[in-house]
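Student: Any chance you could fold what I've pasted below:
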Amino acid sequence: RDVVPTLPPSIAYRQIGREVWVDDAGELTYVMSWAMRHILPARDSVWYHPLLSYFRLLNRAFMRKTRWPYLSRFRGDSAIREALDGKSL
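Tutor: Model prediction:
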């Protein structure tokens with residue numbers, strides 16, 4: 001029910017076989033049950049995977065674990081800085 005694992009391998013992307021679901025609070029789920037996969041909405045479009053949302057959600061997960069914000073080398077870019085600060089979707 002997710003479009004990304006169905007993409008063929010390329011130079012820029014390769015599925016390694018372990019899907020991780022990151023919720024809006026930054027909670028990570030590694031092995032999702034059959035029921036949860038069917039309850040949650042399908043992510044059947046690449047539009048569900050914008051790069052800035054990964055910065056935002058993974059920063060939340062990092063902060064939950066370490067209590068510190070992630071210090072990205074790309075923080076100088078205003079869009080990434082806003083995502084890390086939780087201001088963008």
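
Student: And residue 75, how far from residue 84?
Tutor: Residue 75 sits 6 Å away from residue 84, going by C-beta to C-beta, to the nearest Å. Quick note: C-beta positions are derived from backbone N, CA and C, even for glycine.

Student: between these two, which one's more packed in?
Tutor: Neighbour count, other C-beta atoms under 10 Å: between residue 75 and residue 84, residue 84 has more, with 24 against 15.

Student: most centrally placed residue in the chain?
Tutor: residue 54 (3.7 Å; C-alpha atoms, centre = their mean).

Student: mean confidence score for the helix or strand hosting it?
Tutor: Residue 54 belongs to helix 51-66 when assigned by DSSP states H and E. For helix 51-66, mean pLDDT is 85.

Student: ok, and the closest non-adjacent residue to residue 61?
Tutor: Leaving aside its sequence neighbours, residue 61 sits nearest to residue 26 (C-beta to C-beta, 6 or more residues apart in numbering; 4.0 Å).

Student: try residue 36
Tutor: Spatially, and ignoring its direct neighbours in sequence, residue 36 is nearest to residue 29 (7.5 Å; C-beta to C-beta, 6+ apart).

Student: How about the contacts made by the one you found?
Tutor: When contacts are counted by C-beta atoms under 8 Å, 6 or more residues apart in numbering, residue 29 touches 20-23, 36.

Student: Spit out the contact partners of the nearest residue to residue 30 once chain neighbours are set aside.
Tutor: For residue 30, ignoring the flanking residues on the chain, the nearest one in space by C-beta to C-beta, 6+ apart is residue 20 at 5.7 Å. Residues near residue 20 by C-beta under 8 Å, 6+ apart: 28-30.

Student: Just give me the closest of those residues to residue 70.
Tutor: residue 28 (14.0 Å; C-beta to C-beta).

Student: any idea how far the residue nearest to the centre of the chain is from residue 35?
Tutor: Using C-beta to C-beta, one gets 25 Å for the distance from residue 54 to residue 35.

Student: Repeat that for residue 61.
Tutor: Counting by C-beta to C-beta, the gap from residue 61 to residue 35 is 23 Å.
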